[in-house]
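Peer 1: Let's see this in three dimensions:
(one chain, ligands or ions: 1)
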Amino acid sequence: MATGKSGLLNAIAQAHPAPAMPPALDVGTLAQFVDPLPIPEIAQRQGTRPSPADPKLSIPFYRVQAQPTVSKVHRDLPPTRFWSFGPSTPGPTFETRAGEPLLVEWANALPNEHFLPVDHTIHGAEADKPAVRTVVHLHGARTGPESDGYPEDWVVPGKSSLYYYPNQQDPAMLWYHDHTLGINRLNVYAGLLGSFFIRDGVEDALNLPKGKYELPLILYDRLLTRDAQLLYPVSPDPQSPWVPELSGNAILVNGKLFPYLEVEPRKYRFRVLNASNARFYHLSLANKNDAQFHQIGTDQGLLPAPVPLTSLEIAPGERADLSVDFSEHRGAQLVLKNDAFVVMQFRVSPGKVTDTSSLPPALRPVPRIQESQAVQTRLLTLNEYVNKAGNPAMMLLNASHWNMPVTEKPVLESTEIWTLINPTNDSHPIHLHLVRFQILDRQPYEPWLFQTRRQLHFLGPPQPPDPNEAGWKDTVRADSRMVTRIIVPFTGYTGRYVWHCHILEHEDNEMMRPYEVVAAV
Ligand SMILES: [Cu+2]
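Peer 2: Residues are numbered from 1 along each chain as shown. As a prediction, this is how the structure comes out:
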């Protein structure tokens, strides 16, 4: 990323003259592995309601409210103020079955003032807008546009939205989070996120680890003050406090700092979600050496076959479904690391256990989509703009602002290739709502020739996706100075959706565009 931690810390230092700057927590002084890993509770239905698709049918109804809360992120720290869906953050986990629809009333029970610095110069967050607004997007869901959490469909405290989730899609780990225009980065940072699992009989038959042997690992970094409160940094310009990326000093797993998990010497299934605003993780599992594990699924479900790994790169918004076998580590203590930094610990019990779960050599077929099926290829650029001081000031997709006319109008039931051209020094994780897609390739190119003459001059051969990316995706790393091509079947619904960078600071500062699925004429 272009703005590393030092740049950001400089920005913080400039923004806060020494006496005013809240002292940051030195996480190196904290005892590690003193808190057990929390597991978010399972969402409980509150009765049934008539289905919007067929009023004769009753379907499960849930009500979840965004509310203030406090939570201890570490044994030796005072409670931290958060906003959460329900009493804790991450919010409750939805357990659902493919083809079984449900309704969620997403209520806004937050106060009227935001506790993080809103930038009123950002589009959609102007001073005449209510400071506190929420709208919920279920990331990875195939839903109608009225339930997708369009960024302008926000509600104020005291109001709610009733969303219908058909769950007509393959099993996967989805996740719900705030998506409000102009303040999404602040609302998610405050804690408005949770996970949502879809399952089916085909997946059940694989006999993967389940129950207490299948756990979510939801990763997000936060910048904590010495008294353990959330600090959201601001730029040196008080009129426009937006910063280009959030980089925290504490990496939380399911809401705890340096947690531990007691495990048996057997297989586990870990559903990993990168819910950070901007941080990319490079995860490894260290005993004496890096231990091997398998990735069995990606954003939109199972891979064709397990992929052996010793490290995993995961960008904001992405998910990784992992199978980890602790049977060769009886009595050992392993640590999950991000690069050189410790994230959490696994304590493997010493006694032998019987493990009847499987790691099947074949998981779920993912037929590759042929390029010849695409009826349209779109060249789409990722753009960053700097101010006079040379600092990032705005990010755009295809040099277009949020409120400019919709230019991407794929036809329902057609397939397109989206060619993401990234001249910037950042890798941008690009997410499309509604759809799932496959990565075709990434290819290095010469940015200047494209910028001046719109010629794509490649500097090397196309690189196929890594084996652990070669499944169904909904978020793709568009790497720096690369052309990244995805092939996308537009199925499901007509209507207005969005596509955006999942670095939330970028997304809020207009690296997001509407797109519209239109009916065939
Ligand atoms: Cu970005």
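
Peer 1: which SS state does the most centrally placed residue in the chain fall under?
Peer 2: Geometric centre of the chain, nearest residue: Gly317, 2.0 Å, by Cα atoms, centre = their mean. Here Gly317 takes the coil state, with states given by DSSP: H, G, I helix; E, B strand; the rest coil.

Peer 1: Spell out which residues of the stretch 51-200 of the chain are next to the ion.
Peer 2: By the rule Cβ under 5 Å from the ion, no part of the stretch 51-200 of the chain lies against the ion. Every C-beta, even on glycine, is put in place using the N, C-alpha and C of the backbone.

Peer 1: how about whatever residue of the stretch 51-200 of the chain ends up closest to the ion, phi and psi?
Peer 2: The stretch 51-200 of the chain approaches the ion most closely through Arg185 (11.5 Å), counting by Cβ to the ion. Backbone geometry at Arg185, expressed as degrees, to the nearest 10, gives phi -60, psi -30.

Peer 1: How about Tyr213?
Peer 2: Dihedral angles for Tyr213 - degrees, to the nearest 10 - are phi -100, psi 10.

Peer 1: contacting residues for it?
Peer 2: 264, 266-269, 357 (Cβ atoms under 8 Å, 6 or more residues apart in numbering).

Peer 1: Mind doing that once more with 6 Å?
Peer 2: Tyr213 is in contact with Tyr268, counting by Cβ atoms under 6 Å, 6 or more residues apart in numbering.

Peer 1: Could you do Asn254 as well?
Peer 2: 37-38, 218.

Peer 1: Among the residues you listed, find me the one that's closest to Asn398.
Peer 2: If you rank the contacts of Asn254 by distance to Asn398 using Cβ to Cβ, Ile218 comes first, at 31.7 Å.

Peer 1: thinking the closest one is in contact with Asn274, fair?
Peer 2: No - between Ile218 and Asn274 there is no contact under Cβ atoms under 6 Å: 8.6 Å.

Peer 1: Contacts (any at all) between the ion and stretch 370-386?
Peer 2: No - Stretch 370-386 lies out of reach of the ion by Cβ under 5 Å from the ion, never closer than 6.9 Å.

Peer 1: State the number of residues packed around Glu318.
Peer 2: Look at Glu318: counted by other Cβ atoms under 10 Å, it has 24 neighbours.

Peer 1: how about it, what does it touch?
Peer 2: Per Cβ under 6 Å, 6+ apart, neighbours of Glu318: 274, 299, 475.

Peer 1: what's the nearest residue to it if we skip its chain neighbours?
Peer 2: Leaving aside its sequence neighbours, Glu318 sits nearest to Thr475 (Cβ to Cβ, 6 or more residues apart in numbering; 5.0 Å).

Peer 1: Check the gap between that neighbour and Phe33 for me.
Peer 2: Computed as Cβ to Cβ, to the nearest Å, the Thr475 to Phe33 distance reads 31 Å.

Peer 1: now Asp474
Peer 2: Counting by Cβ to Cβ, the gap from Asp474 to Phe33 is 34 Å.

Peer 1: who has more neighbours, those two?
Peer 2: In terms of neighbours (other Cβ under 10 Å), Asp474 is the more surrounded of Asp474 and Phe33; the figures are 26 against 17.

Peer 1: coming back round to it: return the residues in contact with the residue of the stretch 51-200 of the chain closest to the ion.
Peer 2: Counted by Cβ under 6 Å, 6+ apart, Arg185 has contacts 277, 504-505, 508.

Peer 1: so what's it scoring on pLDDT?
Peer 2: If you check Arg185, the pLDDT there is 98.

Peer 1: Can you show me the strands along the stretch 51-200 of the chain?
Peer 2: 58-71, 80-85, 94-97, 102-108, 136-139, 160-165, 172-178, 193-199 (DSSP state E, counting those that start in this stretch).

Peer 1: Isn't Pro216 up against Gly194?
Peer 2: No - applying Cβ under 6 Å, one finds Pro216 not in contact with Gly194, separated by 9.4 Å.

Peer 1: Could you check which of those two has the larger neighbour count?
Peer 2: Legend: neighbour count by other Cβ under 10 Å for Pro216 and Gly194, higher for Gly194 (29 against 21).

Peer 1: out of everything not next to it in sequence, what's closest to the more buried one?
Peer 2: Using Cβ to Cβ, 6+ apart, the closest residue to Gly194 is Gly91 (3.1 Å).

Peer 1: Dihedrals phi and psi, the one you found?
Peer 2: According to degrees, to the nearest 10, Gly91 has phi -70, psi -180.

Peer 1: That one contacts Phe85, doesn't it?
Peer 2: Yes - using Cβ under 6 Å, Gly91 makes contact with Phe85 at a distance of 3.0 Å.

Peer 1: Give me the common contacts of these two.
Peer 2: Going by Cβ under 6 Å, 6+ apart, residues that sit against Gly91 and also against Phe85 are Gly194.

Peer 1: could you pull out the helices for the stretch 151-300 of the chain?
Peer 2: Along the stretch 151-300 of the chain, the segments classed as helices by DSSP state H, counting those that start in this stretch run 184-190, 201-204.

Peer 1: swap that for the stretch 351-500 of the chain, please
Peer 2: Under DSSP H, counting those that start in this stretch, the stretch 351-500 of the chain gives helices at 447-453.

Peer 1: Return the set of residues that bridge with whichever residue of it sits closest to the ion.
Peer 2: Nearest residue of the stretch 351-500 of the chain to the ion, counting by Cβ to the ion: His428, 3.4 Å away. Counting by DSSP bridges, His428 forms beta bridges with Ala478.

Peer 1: Distance of it relative to Ile218?
Peer 2: 22 Å.

Peer 1: Show me which of those two is the more surrounded one.
Peer 2: His428 (28 against 25).

Peer 1: wait, doesn't the more buried one sit right on Trp499?
Peer 2: No - between His428 and Trp499 there is no contact under Cβ under 6 Å: 11.4 Å.

Peer 1: what's next to stretch 353-367, contact-wise?
Peer 2: 206-207, 209, 264, 266-267, 296, 302-306, 323, 471.

Peer 1: If you rank these by neighbours, which is first?
Peer 2: Gly471 (27 neighbours).

Peer 1: what sits against it?
Peer 2: 298, 303, 366.
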